[in-house]
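> Need a 3D model of the sequence below.
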Amino acid sequence: MNLLITGSRGFIGKNFIQKIQTENLDVFEFNRNESFDVLYNYLDKVDFIVHLAGEVRPNSTKEELENSNVSLTTKIINYLELNKKITPILYISSIHARLLKNEYGKTKRESELLVEQYSTRNKCQCFIYRLPHVFGEGCKANYNSVISTWIYNSINNLELNVFDRNIEIQYVYVQDIIEEFLSCIRTRKKSELYMSSNIVYNTTLGEVIDFINEFKLNIVNTQYEIRNNDFKKKLFNTYKDYYKVLSER
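The predicted structure is shown next:
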């Protein structure tokens, strides 16, 4: 199978590329600053599209969000339909598309509707994943993830700032959602258009802070072990990965 991944150099994209190296897939990667001619050439060849590309930075302008989240999706769909090439799309959206509290959520919702209408018009099975906050190895600090920022600060002996410890938040682990994406690609089973993650962790910012502080004290303790808490284990795996990367610099 030929697979197109947009945004393959992003946080989820890098993890996805690493995961599928053992899969029987021919992968084409499209990223920011590449020409649309490159994109159209790939669209002619592929059997499935994983559309990860999009602007996620909280300080992005409305125009940047429109260009990355809506315009790119529009170009993909228009090209496919113009050339009568109906290809399944797995689109990565956000719970903010349901909330519509900011421009990011609004542009994600616009992109969702484009994929939804494409799927309906062409009777093509597509998948729209509305993800909550995603954490895991390789996410940039001081970008759009408070977990990665706190881990970075913890390892570098910087302050971990939290406005309200009691704020409730949902997280998904990047490796878990990648497994779900692969299941969609492998089986293409008919399903609901809008998908939610199977494994979601409900926590608070205060609990995350406490876990990270505990990891800092135990990162070189070979006897340290986490039991009966999958979220904490995966968070510690993330911490260890950051610690290894930062220690090697």
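> mind showing which ranges of this protein have poor pLDDT?
Applying pLDDT under 70 to the chain flags the ranges 56-59, 189-190.
> That one: strands as residue ranges?
2-6, 26-30, 48-51, 89-94, 127-131, 133-135, 168-173, 194-195, 201-204 (DSSP state E).
> Against which helices or strands is the longest helix along the chain packed?
In terms of residue count, the longest helix belonging to the chain (DSSP state H) is helix 103-122. Counting contacts by 3 or more CB pairs under 8 Å, 6 or more residues apart in numbering; DSSP states H and E, helix 103-122 packs against helix 62-65, helix 72-82, strand 89-94, helix 96-99, strand 127-131. No exception for glycine: its C-beta is placed from N, CA and C like everyone else's.
> Deepest in the core, which of these is it.
Among those, ranked by average contacts under mean count of other CB atoms under 10 Å, first place goes to strand 89-94 (a mean of 24).
> Contacts for that one, please.
Strand 89-94 is contacted from outside by 12, 48-52, 54, 73, 76-77, 104-105, 108-109, 111-112, 115, 118-119, 124, 126-132, 181, 184-185, using CB atoms under 8 Å, 6 or more residues apart in numbering.
> so I49 sits right up against I76, yeah?
Yes - under the criterion of CB atoms under 8 Å, I49 makes contact with I76 at 6.9 Å.
> Show me the domain layout of the chain.
According to automatic domain parsing, the chain comprises the domains 1-131, 133-170+200-249.
> and the longest helix of the chain, how far out from the chain's middle?
Distance, stretch centre to chain centre, for helix 103-122: 17 Å (CA atoms, centre = their mean, to the nearest Å).
> List the buried residues of it.
Across helix 103-122, burial judged by 16 or more other CB atoms under 10 Å covers 103-112, 114-115, 118-119, 122.
> how far off strand 127-131 does that helix point, in degrees?
With axes from the mean of the first three to the mean of the last three CA atoms, to 10 degrees defining the directions, helix 103-122 sits at 160 degrees from strand 127-131.
> Format the CA atom coordinates belonging to helix 103-122 as PDB.
Extracted in PDB, the C-alpha atoms of helix 103-122 (Å, rounded to 0.1, in the frame of the first residue of the first chain):
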ATOM      1  CA  GLU A 103      -9.500  30.300  16.000                       C
ATOM      2  CA  TYR A 104      -7.600  27.000  16.200                       C
ATOM      3  CA  GLY A 105     -10.800  25.200  17.000                       C
ATOM      4  CA  LYS A 106     -12.800  27.000  14.400                       C
ATOM      5  CA  THR A 107     -10.300  26.200  11.600                       C
ATOM      6  CA  LYS A 108     -10.100  22.500  12.800                       C
ATOM      7  CA  ARG A 109     -13.900  22.400  12.500                       C
ATOM      8  CA  GLU A 110     -13.800  23.800   9.000                       C
ATOM      9  CA  SER A 111     -11.300  21.200   8.000                       C
ATOM     10  CA  GLU A 112     -13.500  18.400   9.600                       C
ATOM     11  CA  LEU A 113     -16.500  19.600   7.500                       C
ATOM     12  CA  LEU A 114     -14.400  19.500   4.300                       C
ATOM     13  CA  VAL A 115     -13.400  15.800   5.000                       C
ATOM     14  CA  GLU A 116     -17.000  15.000   6.100                       C
ATOM     15  CA  GLN A 117     -18.500  16.400   2.900                       C
ATOM     16  CA  TYR A 118     -15.800  14.700   0.800                       C
ATOM     17  CA  SER A 119     -16.600  11.400   2.400                       C
ATOM     18  CA  THR A 120     -20.400  11.800   1.900                       C
ATOM     19  CA  ARG A 121     -20.200  13.000  -1.700                       C
ATOM     20  CA  ASN A 122     -17.900  10.100  -2.700                       C
END
